[in-house]
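Colleague: All I have is the shape, not the residue letters:
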């Protein structure tokens, strides 16, 4: 089934999201932003960021805030008010409905909104790589039938079948998964770029009922920016006697700096507005603007704006015939609600923390996408993919547990790795399948073991045994081992490799944490010992292969140092540092001898490279464990 | 019995078709995801590099403003070096002055009466391209 996108068609900005694998995801615009300005220039067909950039050159032809006019008649007071504020022409069209006149042509608000919706559709298609034809679009809770109808038509003009129109506060509540909280009352505080809305909803059996709405259609984040600019201009005037508002270039820089400063003060207590060479004094001297702005100062600058927003909140409660204590949940929508002071005020007013966690600029679109997912059947039928709770691996040389499938890997999954033998002429390897987070095999749980035999005799490290782990969606693990040379293979099937009780998982994880240091040490000991043994093996081989080509004193020297190393690793509690040192010394000596042999015109032994490997010994060195015949085979072994 | 088997067979056939459909869809989703991850990686690289460069470009702009007042030979050398470094990072200044206004790469912040109509008469803040994509539009004054 095709995806249904969710669109927050906003007054100042719009946002689009979609469900993917059961999770909502905001779709970035072609410009790489998560929201697009709701601005349109219909003559040149410019939408979003691009339309906004040319707005002041082309104000009569650039439409913004079209949402204020959706489904309205020219006679309505809100249209009268908007007319005075926007530079484009608003006229009466069919049945007295609003049209905007651009370049001598009339456009309905539906047509203008459709251009924004079409952009979100195109962006979504390019993101998803498939056609998008269906959408859920949000509207303010106070939208009447005619406004909702107009929004639906806008979607259709844009080539979208509008599956549902939902209220913005409802979408926000969906984004927080509140639809399950039957009988609760929710307040949604939405302070966007240019408008403020407060809505009170009641949830009954998955259905949201709007109890009351209120707001201020001309209060938003932009007003907060203006307050900062006013303050900075005032301070600069006091100090230098120059009005920066008269200097367009300076004001532009100030505007950007004010918004940036406001955002910074949401996470830090103090910021510095630093604008060197902002203007010139009357004498032609360059002047700089440097002002510290504290969070406290900002809060005092905008205190009245915040205070004002609570009047509609009180009115809304009254309309809903509710008291503050009746509100069970509070949700924040709109970028300006990131301001800590606003969050504190809300907590003070409602006596509880507001929901946080979903980006307030995106929360409405996310809720719309979730609704779209429900309609598409995505959300109900999400195929829940399981993960493997513990690491699966096998035992390798020195009783080390080598992981193949790491913990938290989504299943079904499969993984394979090539291992080798640990001794010369080893004809069989034992595969011990392990589960757990510990470094050493004995500390993990053995799920089963089997033996692969019939490996043709060969020097250690030469045979290639491919071990494959295949964990299916039901948690059934199939482990197979195949000798590449002989083609012989063996496998085992282990049921319930995933199915562990919660306690078992917790215990295994805790064990791993507690023992991680000790395990690391053990593992390091084994690795160092393996490395030393490898080196000893290589030296023996080099001496044997070189026969007469090696100088007598070199050979004696090598053997002497080799014996020293053998002695060091023979003891039960070997000294890690000493073994490391001796291995290093011997390895260098072997290199010198090798070089000397090479200079004598002989080829250096290829094994040298391996012998000088660092402690991160490569996987093939951790060869398959020497088989122990006396151990019984466990688990279900199949051929 | 036979009828039952037939019904069962029909049910199973239906299920196979459905499962095959689901499976193909999952494969397609995955293939699309792979493509997207690749694109997102590039986008992320652009974004991270861009964010970092934007911060330095602000300082660069300040330095240029400073030089307008100072006219110091040494600072000229620093600016040259700065510009070369930016070029090496894939940054190119958007040529705006005297050009026809283009909202794809420019943002109009003021319009003035004098000058050729529709052309940029003054650049308030330089704009920049990163790897030929707009990193920051130029803020310009346009003659109208």
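Modeller: Everything's here; your move. Predicted model, so just to flag it, every value in this text is computed and none were measured.
Colleague: Near chain A, which residues of chain B are found?
Modeller: Contact residues (CB under 8 Å from any CB of the partner chain) of chain B with chain A: B:22, B:29, B:32, B:35-36, B:43, B:46-47, B:62, B:65-66, B:68-69, B:101, B:103-104, B:106-111, B:124-125, B:137, B:139, B:141-142, B:144. Every residue, glycine included, has its C-beta placed from N, CA and C.
Colleague: change it to 6 Å
Modeller: Counting by CB under 6 Å from any CB of the partner chain, chain B comes close to chain A at B:32, B:62, B:65-66, B:69, B:103, B:107-111, B:124, B:142.
Colleague: any idea which of these has the most stuff around it?
Modeller: Highest neighbour count within the residues of chain B next to chain A, by other CB atoms under 10 Å in any protein chain shown: residue B:142, with 25 neighbours.
Colleague: who's in contact with the helix or strand harbouring it?
Modeller: Residue B:142 belongs to strand B:138-143 when assigned by DSSP states H and E. Residues outside strand B:138-143 that contact it (CB atoms under 6 Å, 6 or more residues apart in numbering or on different chains): A:57, B:94, B:96, B:101, B:106-112, B:115-117, B:119-127.
Colleague: quick one: that strand to chain centroid distance?
Modeller: In this view, strand B:138-143 has its centroid 20 Å away from the chain centroid, taken as CA atoms, centre = their mean, to the nearest Å.
Colleague: Paired strands for it, with orientation please.
Modeller: With DSSP bridges as the test, strand B:138-143 is paired with strand B:106-112 (parallel), strand B:120-125 (antiparallel).
Colleague: I'd like the mean pLDDT over the shortest one, please.
Modeller: Averaging pLDDT along strand B:120-125 yields 92.
Colleague: what do you get for the longest one?
Modeller: Along strand B:106-112, the predicted local confidence has a mean pLDDT of 91.
Colleague: I'd guessed residue A:332 sits against residue A:353; true?
Modeller: No - under the criterion of CB atoms under 6 Å, residue A:332 makes no contact with residue A:353, lying 10.2 Å away.
Colleague: and the two? which has more neighbours close in?
Modeller: It is residue A:332, of residue A:332 and residue A:353, that has more neighbours when counted by other CB under 10 Å, with 22 against 11.
Colleague: mind listing what that one touches?
Modeller: By CB under 6 Å, 6+ apart, the neighbours of residue A:332 are A:189, A:354, A:360.
Colleague: chain center to stretch A:251-269, what's the gap?
Modeller: Per CA atoms, centre = their mean, the centroid offset for stretch A:251-269 relative to its chain is 27 Å.
Colleague: Drop anything exposed from the contacts of strand B:138-143.
Modeller: Buried residues within these, counting neighbours by 16 or more other CB atoms under 10 Å in any protein chain shown: A:57, B:94, B:96, B:101, B:106-111, B:115, B:119-127.
Colleague: Max pairwise distance over the residues of chain B next to chain A: which two?
Modeller: The span of the residues of chain B next to chain A, defined through CB to CB, is set by B:32 and B:69 at 54.6 Å.
Colleague: Just give the closest residue to residue 43, not the sequence neighbours.
Modeller: You didn't pick a chain, so chain A it is. Distance criterion CB to CB, 6 or more residues apart in numbering or on different chains; nearest residue to residue A:43, sequence neighbours excluded, is residue A:103 at 4.7 Å.
Colleague: ah, I was thinking of chain B
Modeller: The shortest distance from residue B:43 to any non-neighbouring residue, by CB to CB, 6+ apart, is to residue A:32 (6.5 Å).
Colleague: Which helix or strand contains that neighbour?
Modeller: Residue A:32 is part of no helix or strand when elements are defined by DSSP H and E.
Colleague: What does the pLDDT read for it?
Modeller: Listed pLDDT for residue A:32 reads 82.
Colleague: okay, the strands paired with strand B:138-143 in a markdown table with distance to residue A:76 next?
Modeller: Output for those, formatted as a markdown table (distance: least, CB to CB, whole Å):
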| stretch | distance to residue A:76 |
| --- | --- |
| strand B:106-112 | 32 |
| strand B:120-125 | 39 |
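Colleague: Surely residue A:445 touches residue A:435?
Modeller: Yes - counting by CB under 6 Å, residue A:435 is a contact partner of residue A:445 at 4.7 Å.
Colleague: who's more crowded, the two?
Modeller: residue A:435 (25 against 13).
Colleague: Quick check: residue A:40 touching residue A:51?
Modeller: Yes - shown here, residue A:40 and residue A:51 form a contact pair, counting by CB under 6 Å, at 5.5 Å.
Colleague: where are the low-confidence patches of the chain?
Modeller: In the absence of a named chain, chain A is used. Along chain A, the model assigns pLDDT under 70 to residues A:1, A:378-386, A:496-505, A:508, A:600-639.
Colleague: if you could check chain B rather than the one you did, that'd help
Modeller: Applying pLDDT under 70 to chain B flags the ranges B:1.
Colleague: Regarding it, what is its longest helix?
Modeller: Of all segments of type helix in chain B, defined using DSSP state H, the longest is helix B:2-70.
Colleague: Same question for chain A.
Modeller: Longest helix in chain A, counting residues (DSSP H): helix A:502-546.
Colleague: Show me what that one is packed against.
Modeller: Applying 3 or more CB pairs under 6 Å, 6 or more residues apart in numbering or on different chains; DSSP states H and E, one finds that helix A:502-546 contacts helix A:552-570, helix A:576-599, helix A:607-611.
Colleague: Good, we can wrap up now.
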